[in-house]
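K.L.:
heads up, no residue letters with this:
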């Protein structure tokens, strides 16, 4: 009669457990996904700037760490000092420029277009007058 113990040596048994199998009643049963598949998904998410976590506290901690590392990389790439006065909203005050309303922007754009259109028309009229004067003369 067969023994109820593990059928593989310890190294292979550990690998099967990591692959998502459980050992019950002398047999291996598929119980879940392999651990390396989970790690692969987590790494793919990190490349997309996702923050995997099992709790809210861990998420907040890991998110802060990820953002800080991203900022330091970007600052090194840009050649800006690593500690700037605008970090964490301290040391620098943001000055908001007065925002123009959409109507004012549209009116300004329309006036600029009209001014451009008026000038070429005047030049054409002057050219026509000079051409007519030359033809007559």
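P.N.:
Looks like it came in fine. For clarity, every value in this text was computed on a predicted model and none was experimentally measured.
K.L.:
For the nearest residue to residue 42 once chain neighbours are set aside, give its distance to residue 72.
P.N.:
Closest residue to residue 42 apart from its sequence neighbours, by Cβ to Cβ, 6 or more residues apart in numbering: residue 52 at 4.9 Å. (C-beta placed from N, C-alpha, C; glycine too.) Distance of residue 52 to residue 72, computed by Cβ to Cβ, to the nearest Å: 21 Å.
K.L.:
As a check, name the ranges of all strands in this structure.
P.N.:
21-24, 27-30 (DSSP state E).
K.L.:
With mean neighbour count as added columns, please give these in a markdown table.
P.N.:
Formatted as a markdown table, these follow (neighbours: other Cβ atoms under 10 Å):
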| stretch | mean neighbour count |
| --- | --- |
| strand 21-24 | 14 |
| strand 27-30 | 12 |
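K.L.:
Could you save those as TSV and add columns showing distance to residue 60 and mean pLDDT?
P.N.:
As requested, these are exported to TSV (distance: least, Cβ to Cβ, whole Å; pLDDT from 0 to 100):
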stretch	distance to residue 60	mean pLDDT
strand 21-24	34	91
strand 27-30	35	90
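K.L.:
will you turn these into TSV that also has distance to residue 14?
P.N.:
Converted to TSV, the strands of the chain look like this (distance: least, Cβ to Cβ, whole Å):
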stretch	distance to residue 14
strand 21-24	11
strand 27-30	12
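K.L.:
Which helix or strand in this structure has the lowest average pLDDT?
P.N.:
Least confident element among the helices and strands of the chain, by mean pLDDT, DSSP states H and E: helix 102-136 (a mean of 70).
K.L.:
Great, nothing more from me.
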